[in-house]
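Novice: This is a predicted model, with the sequence first.
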Amino acid sequence: MQIYKVGGAVRDRLLGKPVTDIDWVVVGATTEEMLAKGFRPVGADFPVFLHPKSGEEYALARTERKNGRGYGGFIFHTSPDVTLEEDLIRRDLTINAMAEDDQQNLSDPYHGQQDLEARLLRHVSPAFAEDPLRVLRVARFAARYAELGFTVAPETLELMRQLSESGELEALTPERSWKEIARALMEDQPQVFIEVLRECGALKVLMPEVDALFGVPQPEAHHPEIDTGVHTLSVLEQAALHKQPLTVRWACLLHDLGKGLTPEEEWPRHIAHEHKGLKLIKAVNERFKAPKDCQELALLVGKYHTHGHRALELKPSTLLELLQSFDVYRRPQRFEEFIAACEMDARGRKGLEQRSYPQAEYLRGAATAARSVAVQPLLEKGFKGPELGEAIKRERLKALKAYKAAASV
């Protein structure tokens, strides 16, 4: 029995980056031997075990072959005869197909270290094209390591293009796709993920609504970058620079989908794009079964982001409707995330990345003013049921009128 550290732990150590998760592969062992040593089995499809003390995952060396569509369409084979090289060749990228023993002796049969130095994301073997999930994974790695200058090797990009055209991407489950998308959006340069997907043709398969934004112009006075797709990438980039959570980044990606529906003869104006985009945002949300908080914020940002930009001009009654829509009284964090998404949208414009966004503090102040209305005095006056609701609304409107008047002085 020989045990090797494999994959990301080896890659990141060689890159000088922090190693978080460690994966191990065991060569020359059987399931019975692993159980005898106290390892606990967890793998449903192939033998994976948890170490009795550390809890880390140890997988028996295995080979695989394609027998169906999608990520799950594989038959796995494990045996004490499977070599380390045979286990490593089934992996996606050369930089992920390295292993080291307990003395840190490197096994690198597919020249991963060479590709690390060349800053290349290159597939290990033609079997790469058998797993459609790898298109998303490579795009995610491109986003993760963009700051180090990594690019996708041309021959790997070509395989990704072939996969995108094959119909295999449509066999991916929403859960697997979302897991990769969510991880990619949380990288330091998530816009690179979208760029790579677009370059290999996967974006128009997975998110045609986002792909449709490229080449759609906006008024240059408000958007010096003009192209709506380029703007979307810039907004996503700003969200990452400002360390926004996943909910905000997802909303930033989808906020302008309605502009992709504007007839060419109406360009560069996009009248009512907020309302038009809601059905598209809903469709993307459902396609990937995004978490509820991501779905809700994306729809609210899509519908109200121009309200956010025009906050200083809004009538108190409109401001109240906005606050009510977000339920700021019970869910203040969601409104805070809306403000963040609006600010990222404003900053995601060429040359305007550093411009101040006074709307943010104004909206926060409005929420505070509305929340400051006390319910108890109204109860003491005898209001109850629907009448109480209307009385609270009147008092909040009064508070917002006073807030707006004070802010205008």
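Specialist: Yep, that arrived.

Novice: ranges for the strands of the protein?
Specialist: When secondary structure is read from DSSP state E, the chain shows strands at 2-6, 23-27, 40-41, 48-50, 57-60, 62-66, 74-78, 99-100, 106-107, 120-121, 151-152.

Novice: strand partners of the second one, parallel vs antiparallel please.
Specialist: On the basis of DSSP bridges, the sheet neighbours of strand 23-27 come out as strand 2-6 (antiparallel), strand 57-60 (parallel).

Novice: Lowest average confidence across these, which one?
Specialist: Ranked by mean pLDDT, the strands paired with strand 23-27 bottom out at strand 57-60, which scores a mean of 93.

Novice: of all the strands paired with strand 23-27, which lies closest to residue 105?
Specialist: strand 2-6 (9.5 Å; CB to CB). Yep, even glycine has a C-beta here, placed from its N, CA and C like the rest.

Novice: closest to residue 233 out of the strands paired with strand 23-27?
Specialist: strand 2-6 (33.7 Å).

Novice: Check which residues of that closest one are buried.
Specialist: For strand 2-6, burial by neighbour count (16 or more other CB atoms under 10 Å) applies to 4-6.

Novice: For the lowest-mean-pLDDT helix or strand in the chain, which helices and strands make contact with it?
Specialist: Ranked by mean pLDDT, DSSP states H and E, the helix or strand of the chain with the weakest confidence is strand 74-78, at a mean of 75. On a contact count with 3 or more CB pairs under 8 Å, 6 or more residues apart in numbering; DSSP states H and E, strand 74-78 meets strand 62-66.

Novice: And the contacts of stretch 180-197?
Specialist: Under the criterion CB atoms under 8 Å, 6 or more residues apart in numbering, residues 133, 135-140, 142-144, 146-147, 152, 157, 203, 206-207, 210, 232-234, 236-237, 239-240, 246, 249-250, 253, 288 lie in contact with stretch 180-197.

Novice: Nearest to residue 263 among the buried residues of strand 2-6?
Specialist: Closest to residue 263, out of all of the buried residues of strand 2-6 and judged by CB to CB, is residue 6, at 53.0 Å.

Novice: quick one on the thing from earlier: just send the strands of the chain back as TSV, with distance to residue 399 too.
Specialist: Below are those laid out as TSV (distance: least, CB to CB, whole Å):
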stretch	distance to residue 399
strand 2-6	61
strand 23-27	56
strand 40-41	59
strand 48-50	56
strand 57-60	55
strand 62-66	64
strand 74-78	61
strand 99-100	64
strand 106-107	66
strand 120-121	55
strand 151-152	54
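
Novice: Run a quick neighbour tally on residue 349.
Specialist: 19 (other CB atoms under 10 Å).

Novice: oh sorry, the question was meant for residue 383
Specialist: When neighbours are counted by other CB under 10 Å, residue 383 comes out with 16.

Novice: If any of the contacts of stretch 180-197 are buried, put those into a PyMOL selection.
Specialist: To isolate the buried ones among the contacts of stretch 180-197 in PyMOL, judged by 16+ other CB under 10 Å, type:
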select buried, resi 133+135+136+137+138+139+140+142+143+144+146+152+157+203+206+207+210+232+233+234+236+237+239+240+246+249+250+253+288
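
Novice: Narrow the contacts of stretch 180-197 to those in helices?
Specialist: 133, 135-140, 142-144, 157, 203, 206, 210, 232-234, 236-237, 239-240, 246, 249-250, 253 (DSSP state H).

Novice: which other residues reach the longest helix seen in the chain?
Specialist: Ranked by residue count and defined by DSSP H, the top helix of the chain is helix 385-408. Contacts of helix 385-408 with the rest of the structure, by CB under 8 Å, 6+ apart, involve 312, 316-317, 319-320, 323, 362, 365-366, 369-370, 372-373, 375, 378-379, 381, 383.

Novice: Any of these buried? List them.
Specialist: Buried among the contacts of helix 385-408 by 16+ other CB under 10 Å: 316, 319-320, 323, 362, 365-366, 369-370, 373, 378, 383.

Novice: and those residues as a markdown table, adding distance to residue 257?
Specialist: As requested, those are exported to a markdown table (distance: CB to CB, whole Å):
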| residue | distance to residue 257 |
| --- | --- |
| 316 | 30 |
| 319 | 25 |
| 320 | 27 |
| 323 | 25 |
| 362 | 27 |
| 365 | 30 |
| 366 | 27 |
| 369 | 32 |
| 370 | 30 |
| 373 | 36 |
| 378 | 41 |
| 383 | 42 |
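
Novice: just checking, which of the residues you listed belong to helices?
Specialist: 316, 319-320, 323, 362, 365-366, 369-370, 378.
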